[in-house]
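Student: sequence-free structure coming up:
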């Protein structure tokens, strides 16, 4: 019954011989739904080349975009959160942390590193949303504080990339205290006249927005990023009114005076370098 099978040599392919595409080689743009090849994403700084949608990326990708030749020295890489409150929800906090370590390969929701950006010495701290929603716990606050101390000691500028759902509820007051601690440290940076650049990405919300994310010498954002304190749904239910179109997007926040400018990720390195050169001059 040749109708039901191919008999020519070289045409029959067994299931064992078929090769699957590697995970992550292709994905779909969340906005225009068109397929994106991974190599093209890297080349285009993780921006969709069809609609210019800025894909959500983490510290690894931001470091590769901003540091010269992806060369940097990571600062304080081994810090991990404790469980001072013995917090229990659907599962213990320690169990949630262990799952996040295994899933992300990270030790917490932020990484900090020292390197050069177009020849300018700089410290970059970048939050990772994949680690418990980029939530701000004691390790996040401590890493930011120690990074600022490093900048003060070595007289280098500081860039902080925020991507967070806000304070980490499992650490309660320990988490909320990081708002005051990081703000006080940034005041020391300002007093020393060392530049601090705050980059807000999608999403930047909660206690992060209410503290260090809005305290930059310049506050910049990527296009169409969600920026706010409470989420749009919570605000709408609270005030019982419809919200304006584009509410809490970076464009809306810029229009109302909370940002200095919005920059495309593909142009970010050059713009930041120009600002640092101007500050040095």
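Tutor: Everything's here; your move. Keep in mind the model is a prediction, meaning the values are calculated, not measured. Numbers count the residues shown, from 1 in each chain.
Student: so what's residue 108 closest to, chain neighbours aside?
Tutor: residue 139 (4.1 Å; CB to CB, 6 or more residues apart in numbering). Every residue, glycine included, has its C-beta placed from N, CA and C.
Student: Apologies, that question was intended for residue 188.
Tutor: Residue 188's closest residue in space is residue 152 (CB to CB, 6+ apart), at 6.4 Å.
Student: elements contacting the helix or strand hosting the one you found?
Tutor: In this assignment (DSSP states H and E), residue 152 forms part of helix 138-154. Applying 3 or more CB pairs under 8 Å, 6 or more residues apart in numbering; DSSP states H and E, one finds that helix 138-154 contacts strand 72-75, strand 110-117, strand 120-127, strand 158-164, helix 172-191.
Student: need these in CSV with distance to residue 279, mean pLDDT and mean neighbour count, can you?
Tutor: Conversion of these to CSV gives the following (distance: least, CB to CB, whole Å; pLDDT from 0 to 100; neighbours: other CB atoms under 10 Å):
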stretch, distance to residue 279, mean pLDDT, mean neighbour count
strand 72-75, 21, 98, 16
strand 110-117, 13, 98, 22
strand 120-127, 10, 98, 22
strand 158-164, 12, 98, 26
helix 172-191, 13, 96, 16
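Student: nearest residue to residue 70 other than its sequence neighbours?
Tutor: In space, and not counting its chain neighbours, residue 70 is closest to residue 64: 4.6 Å by CB to CB, 6+ apart.
Student: so where's the protein shaky on pLDDT?
Tutor: Scanning the chain for pLDDT under 70 picks out the ranges 1-24, 281.
Student: Break down it into its strands, ranges please.
Tutor: 26-28, 35-37, 72-75, 110-117, 120-127, 158-164, 196-204, 218-221, 261-262 (DSSP state E).
Student: tell me the angle of the fourth one relative to helix 138-154?
Tutor: This points to strand 110-117. 30 degrees (axes from the mean of the first three to the mean of the last three CA atoms, to 10 degrees).
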